[in-house]
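> Could you look at this predicted model? Sequence included:
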Amino acid sequence: MEKKQKKAILMLENNTTFEGKLIGFNKFCTGEIIFNTSITGYQEIITDPSYFNQIVLLTSPNIGNTGINCEDNESNSVYLSGLIFKNICKNPNHYKSQKTLEKFLLEKKIISIYDVDTRELTNIIRNFGTQIGCIFENKKKNYELAKKKIIYFKNKKKKKKISTKKIYVWNDKKLKKKIEKKINIIVYDYGIKHSILKFLSQNNCNIIVVPSNTKVKKILKYYPHGILLSNGPGNPNEYLEEIKIIKNILKNTKIPILGICLGHQLLAISNDMKIKKMKFGHHGSNHPVKELKTNKILITSQNHNFSVLKSKNQKNIEITHISLLDKTIQGILIKKRNAIGFQGHPEANPGPNDAVIILKNFLKIVKKYKNRDTKNA
């Protein structure tokens with residue numbers, strides 16, 4: 001006999017409620033609700049550390065069709081608070097599938113609500129901006145507690161950061177043949193995705209991942225040829241220690257830098273640019289971005305709630321890319337310095353690989369720097 005499906009409630013900060021069905025781990029979860037328009041790639045989204053403290057609303061109507069496998073995770077944990085979607089496929093069919101989405105959510109202790117009017121919820125967020133919400137089992141006693149949890153979340157000042165606690169060398173176990181690593185890349189981990197590390201590893205890079213607060217003196221001991229500032233969650237203005245370190249790198253070294261997503265924003269702040277919170281951000285794998293020099297259009301994967309603002313006084317910064325959806329800044333170049341920032345996710349997981357050129361161009365700059373550095377040694 002089939003188990004009776006538990007009912008769940010999604011409560012918004014304005015007291016609007018949505019009733020649906022509970023799936024996954026039965027608990028309370030509170031977070032900032034954002035919507036993601038990707039049609040595929042739910043596993044990569046669920047395991048992306050950038051969604052820390054967020055409840056992700058998937059606008060694609062059917063989730064779970066391809067199951068879950070061990071290869072496509074973007075981290076070793078699940079950082080999002082909860083999941084909202086319309087329909088779930090409980091019997092996936094895919095050659096890589098190893099378990100159902102339902103089983104995965106239970107294992108990772110993530111509560112989800114489905115059979116919700118995701119269109120109506122998306123329109124609320126589009127019209128009124130990102131909402132704080134709470135998912136819980138539909139029991140009368142839970143309503144007041146949910147309201148308190150939403151208020152507590154809104155008033156919480158200190159936001160935990162996602163970063164490794166110790167330095168480690170990344171090794172891609174999936175590489176079919178051993179490659180002699182010739183390029184040393186320091187990755188500042190603010191919530192790094194595995195796909196970025198895999199790309200670097202497959203392109204002749206020896207990758208040293210370091211905590212977000214690692215001092216410049218320490219990274220110089222690894223003789224880096226390039227520095228990558230990773231993606232990650234939260235408000236970039238709160239990363240005060242990290243910004244100070246980036247300023248130090250820019251001032252005292254010539255090492256090439258690439259900032260991705262949050263890393264792009266931190267690079268911009270380190271060059272005295274301002275950041276603003278967007279109404280509902282960019283979250284999806286179909287965002288058009290224009291490269292200003294060539295007028296080429298890149299279809300990109302995006303996941304951010306903050307954007308870099310234009311400034312008339314930024315003579316040392318060139319804006320290289322803009323969003324065709326809202327004209328927000330998507331790429332910057334620090335003039336007279338090998339430092340570039342890109343707002344989208346060039347590793348494209350999930351999403352199209354148009355923007356992988358950003359990573360390739362960064363590695364070209366790194367190789368030139370390495371060769372010049374070797375000649376001068």
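Alright, I've got the coordinates.
> In contact with F306, which residues?
235-236, 265, 275-278, 281 (Cβ atoms under 8 Å, 6 or more residues apart in numbering). Glycine gets a C-beta too; all of them are placed from N, C-alpha and C.
> After the longest strand anywhere in the chain, which helix or strand is next? Please name it.
For the chain, the longest strand by residue count, based on DSSP state E, is strand 275-291. Once the chain leaves strand 275-291, the next helix or strand it forms, by DSSP states H and E, is strand 297-308.
> From the chain's centroid, how far away is that next one?
Offset of strand 297-308 from its chain centre (Cα atoms, centre = their mean, to the nearest Å): 10 Å.
> Nearest residue to the middle of the protein?
S50 (3.5 Å; Cα atoms, centre = their mean).
> Break down the stretch 251-377 of the chain into its helices, ranges please.
262-269, 356-376 (DSSP state H, counting those that start in this stretch).
> Would you tell me which one of those helices is buried the most?
helix 262-269 (a mean of 27; mean count of other Cβ atoms under 10 Å).
> angle of that helix against strand 297-308?
For helix 262-269 against strand 297-308, the angle by axes from the mean of the first three to the mean of the last three Cα atoms, to 10 degrees is 60 degrees.
> which secondary structure elements does helix 262-269 contact?
Packing contacts for helix 262-269, counted by 3 or more Cβ pairs under 8 Å, 6 or more residues apart in numbering; DSSP states H and E, involve strand 226-229, helix 240-252, strand 257-260, strand 275-291, strand 297-308, strand 329-334, strand 339-342.
> which other helices and strands contact the longest strand of the chain?
Strand 275-291 packs on strand 29-36, helix 118-128, helix 262-269, strand 297-308, strand 317-323, strand 329-334, going by 3+ Cβ pairs under 8 Å, 6+ apart.
> let's see it at 7 Å
For strand 275-291, the packing partners by 3 or more Cβ pairs under 7 Å, 6 or more residues apart in numbering; DSSP states H and E come out as strand 29-36, helix 262-269, strand 297-308, strand 317-323.
> quick revisit: name the SS class of the residue nearest to the centre of the chain, please.
helix (DSSP: H, G, I helix; E, B strand; the rest coil).
> Need the pLDDT of it.
With respect to pLDDT, S50 scores 95.
> cool, M1 as well?
So, for M1, pLDDT stands at 43.
> can you tell me how far the residue lying closest to T164 once chain neighbours are set aside sits from K139?
Distance criterion Cβ to Cβ, 6 or more residues apart in numbering; nearest residue to T164, sequence neighbours excluded, is D189 at 4.8 Å. To K139, D189 is 40 Å away according to Cβ to Cβ, to the nearest Å.
> Name the residue in those two with the higher neighbour count.
Taking other Cβ atoms under 10 Å, D189 and K139 do not tie; D189 has more neighbours (24 against 11).
> any idea how far the more buried one is from K336?
28 Å.
> Same check on V308?
19 Å.
> Look at the two and report which has more neighbours.
Per other Cβ under 10 Å, whichever of V308 and K336 has more neighbours is V308, with 26 against 6.
> Which residues does the more buried one form beta bridges with?
Here V308 sits in beta bridges with I275, as judged by DSSP bridges.
> mind checking pLDDT for it?
The model's pLDDT for V308 equals 96.
> And K315, by the same measure?
pLDDT, K315: 84.
> residues touching it, list them.
Going by Cβ atoms under 7 Å, 6 or more residues apart in numbering, K315 touches no other residue.
> cool, and the one 3 residues further on?
Neighbour list for E318: 332-333, 335 [criterion: Cβ under 7 Å, 6+ apart].
> Next: I150.
Here I150 is in contact with 11, 13, 30, 132, 134 (Cβ under 7 Å, 6+ apart).
> who wins for neighbours among those residues?
So for the contacts of I150 (other Cβ under 10 Å), the most neighbours sit at C134, 28 neighbours.
> Surely that one touches K27?
No - contact criterion Cβ atoms under 7 Å: C134 and K27 do not qualify, at 10.8 Å.
> What degree of burial does K276 show, as a neighbour count?
That count, for K276 with other Cβ under 10 Å as the rule, works out to 10.
> One more: the one 3 residues further on?
K279 is surrounded by 12 other residues when neighbours are defined as other Cβ under 10 Å.
> try T100
17.
> Next: E137.
16.
> Just grab the bridge partners of it for me.
Counting by DSSP bridges, E137 is bridged to A8.
> residue contacts, it?
E137 touches 6, 8, 22, 26, counting by Cβ under 7 Å, 6+ apart.
> gap between the closest residue to the last one other than its chain neighbours and N14?
So that's N26. Among residues not flanking N26 along the chain, E137 sits closest, at 5.7 Å (Cβ to Cβ, 6+ apart). Going from E137 to N14 by Cβ to Cβ gives 21 Å.
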